[in-house]
Structure formats: structure tokens, C-alpha cells
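3D model of this:
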Amino acid sequence: MRKSRAIGQKATSARARATRIGVAPAVLVLASLCLAGCHTPGSDDITGSIGQDGVPPTSGAELQRYTEDLGQRYDQQPYDKPTAMAYARALRASGRYDQAVAVAQRLAAKYPKDMQVLGAYGKALVEDGRLQEAASVLPEAHTPDRPNWSILSAQGTVADQLGDHEQAQDYYRAALKIAPNQPAVLSNLGLSYALSKQLPDAEQTLQLAAAQPGADARVRQNLALVLALEGKFNAAQGVAQQDLAPVDAAENVASIRQMIAQSDTWNQIQSYDKPKVASASHRTHHYARLEKAKPQQNGQQNPQDLRPTQIGAAD
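Residues are numbered from 1 along each chain as shown. Predicted coordinates:
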């Protein structure tokens, strides 16, 4: 199955979820694409387990075999720390978030003072959408005198999902002081700017993230998304084509344009006072509501002709 079709299926699922909870469909653009973007479940640099356990395979069949093998080892030694953490991480990579939480929770009960274990537990809670619990666990996974940039970034995602974008951005900036220009944290910060309707800052931050040596397809797809939300569809397609076939990149951008058109988002985007030009969301459980927009006074612009307002450095 082509990547674009997989992303489309995730977008459909996200759209259905948002409809049930009353979120504006436009918000789904950021949420759906980022399911395959920056906040990839099980990724160690954003919300993955802290530690030296192996990275789960990306192939579906290989990941299934890898997870089953770890599950058998876990059944024999459920309190073996490396095995349990690797199994929890594999479960998260497989999208089995509730089971990953159960494994990490059991391990945390055995090692209640182990910050490595608590970090994995807290991040599993984030991915399962149990945000208040994650907000309680994550601070125990590092200390003020020895802060962990990965935990700070996870705390930022919790704050963003709870709607406190200013606090989230403080967490990301603190993480960047420890790990300057870390692409995953920069990407999280850029998405947080998008959530707080600062698309020019979001683009600038994501451009910086994408320029880093460690940036991967997740970061670039997030950049492509924000470019599309700004109306820069050609630029968005160009970025997407770095990791997708041209036809797949074009389909992704076309899907975003269709979702925007169906939700009347461009009218809402145009009505915001500068620099607040749009609202969006990231992660599976990460949604935000678009505020009621004022009527557009000067007629409707063609989306392709919209340009962002540059307001300086993102941070």
C-alpha cells in the first residue's frame, strides 16, 4: 500500500474521531498528517522509551514478529527491565497503546524510583491519551538538576494537548537548551506554534528542524503540512516529494486542500488578525478548536494566493 493511501486512512479515522467530539474538520489536517509525522508512536526522540533497547523495525511484518518474540520473552520474565521496556516500546510502535501502558505500569510498580522506567511509562500514557496521569508521572522521570530533554519534550506534548500552548513552548525551549537544534523538539515546537495560530513561526521553526542532519521524513511531512495550511501548496508538495513519490505527494496535498475547502477553513484563516492566521492540531489525541472568525470584508482570496505574514524568528 502506498504511503499516501495509508496517511489517507489515518486521516479518515481522525476525521471521524473529531466529528464525534465536535472539533472543526479543518483541525484534522494537522492531526491526520502528523500521525505519520513528527509524533510517531514508539519513536525514541519524541515520545519513545528512554534507554538503549533496540529500535523496533518499521516493516509491518517484521514489527509483528519482533513484538511477538518480545512478548514471549516478557511472559517468561515480566520484571526484566530491558525486556519489558523493549516490549512496551514495540507495542507502542504497533499502535497497541493500552497494552504498552499496562506493561510499563507493571514495571513502574516494580521499580517506582527508576526514572528510566517512569519516563517510558509516562510517554506510553501520553500516547494512550491519558494526559492527566502522564502529567503526574513525567515530572518524576527527571530532576531539576538533571533535566532530560526527551522528557521535557514529552511534557510539552502533554501541555499542548491540554491546551496550554504557552507552557508547552516553554518546555520545548528548555529541551532545546539541553539539545540545541534537536529536530524532533524543533518540530514539536513548530507544531505548537501552529496550534496557537502562529503559522509563520511554525513554518520558520519547522524549516529549521528540517534543515538539521538528524531530521527525517516525519519532520518534513510536518513542514509540508504547515506550508499547505498557509496556502503554499506547491512548496508543500515539493517538501513532501523528498520522501514520497510525486504522485503520492500530490495526492497528500490535494487531500489537504479538499479538507480545507470542505471545512471553509480559508475564510477562518483570512479573518484572523496578523500574525494569528490559523489554528491546527497534532497527534492522535491532540485536537484544538478553531475560534469563531470575523467575516471577511474584502472578498474571498484564492487559497493559492495566500501568503503568510513573516513576523521574525520563531524563538
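
Every contact and neighbour count from this point should use C-alpha atoms.
Will do.

low-confidence ranges in this structure?
1-54, 263-315 (pLDDT under 70).

Assumed E68 was part of a helix.
Yes: applying DSSP: H, G, I helix; E, B strand; the rest coil, one finds E68 inside a helix.

any idea how far G60 is from it?
To G60, E68 is 12 Å away according to C-alpha to C-alpha, to the nearest Å.

Between those two, which has more neighbouring residues?
Using other C-alpha atoms under 10 Å as the criterion, E68 and G60 rank with E68 on top: 15 against 11.

Quick check, L223 in contact with L208.
No: in this structure, L223 is not within contact of L208 by C-alpha atoms under 8 Å, at 9.8 Å.

higher neighbour count, these two?
Shown here are L223 and L208; by other C-alpha under 10 Å, L223 has more neighbours (31 against 18).

Pull the contacting residues for the residue nearest to the more buried one when sequence neighbours are not counted.
Counting by C-alpha to C-alpha, 6 or more residues apart in numbering, L206 is the residue found nearest to L223 once chain neighbours are left out, at 5.4 Å. Counting by C-alpha atoms under 8 Å, 6 or more residues apart in numbering, L206 touches L186, S187, G190, V219, R220, N222, L223.

Quick check, the first one in contact with A209.
Yes: under the contact definition of C-alpha under 8 Å, L186 touches A209, with a separation of 5.3 Å.

phi, psi of the residue nearest to L223?
Per-residue torsions, L206: phi -70, psi -30 (degrees, to the nearest 10).

can you list the domains in this structure?
1-41+182-315, 46-151 (automatic domain parsing).

buried stuff in stretch 228-235?
Neighbour counts over stretch 228-235 (16 or more other C-alpha atoms under 10 Å) mark A228, L229, E230, G231, K232, F233 as buried.

do stretch 91-103 as well
By neighbour count on 16+ other C-alpha under 10 Å, the buried set for stretch 91-103 is L91, R92, A93, S94, G95, R96, Y97, D98, Q99, A100, V101, V103.

Which member of those residues is positioned nearest K81?
V103 (10.6 Å; C-alpha to C-alpha).

how much space is there between the closest one and E251?
38 Å.

and if you look at V55?
30 Å.

now swap in D69 and tell me
Relative to E251, and taking C-alpha to C-alpha, D69 is found at 37 Å.

Please say which of the two ends up with more neighbours.
E251 (16 against 12).

element containing that one?
helix 246-263 (DSSP states H and E).

C-alpha coordinates for that helix, CSV please?
Extracted in CSV, the C-alpha atoms of helix 246-263 (Å, rounded to 0.1, in the frame of the first residue of the first chain):
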residue,chain,number,x,y,z
PRO,A,246,5.5,12.6,-6.8
VAL,A,247,2.0,11.2,-7.3
ASP,A,248,1.7,10.3,-3.6
ALA,A,249,2.9,13.8,-2.6
ALA,A,250,0.4,15.4,-4.9
GLU,A,251,-2.4,13.2,-3.5
ASN,A,252,-1.5,14.2,0.0
VAL,A,253,-1.5,17.9,-0.8
ALA,A,254,-4.8,17.5,-2.7
SER,A,255,-6.3,15.8,0.3
ILE,A,256,-5.4,18.7,2.5
ARG,A,257,-6.8,21.2,0.0
GLN,A,258,-10.0,19.3,-0.1
MET,A,259,-10.3,19.1,3.6
ILE,A,260,-9.7,22.8,3.9
ALA,A,261,-12.3,23.6,1.2
GLN,A,262,-14.9,21.3,2.8
SER,A,263,-14.5,22.9,6.3
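
Now that helix: buried residues?
D248, A249, A250, E251, N252, V253, S255, I256, R257, M259, I260.

Show me what that helix is packed up against.
Helices and strands touching helix 246-263, by 3 or more C-alpha pairs under 8 Å, 6 or more residues apart in numbering; DSSP states H and E, are helix 3-21, helix 28-34, helix 217-229, helix 233-240.

for G214, helix, strand, or coil?
Secondary structure for G214, judged by three-state DSSP, is coil.

That one contacts N181, correct?
No: with contact defined as C-alpha under 8 Å, G214 does not reach N181; the gap is 9.6 Å.
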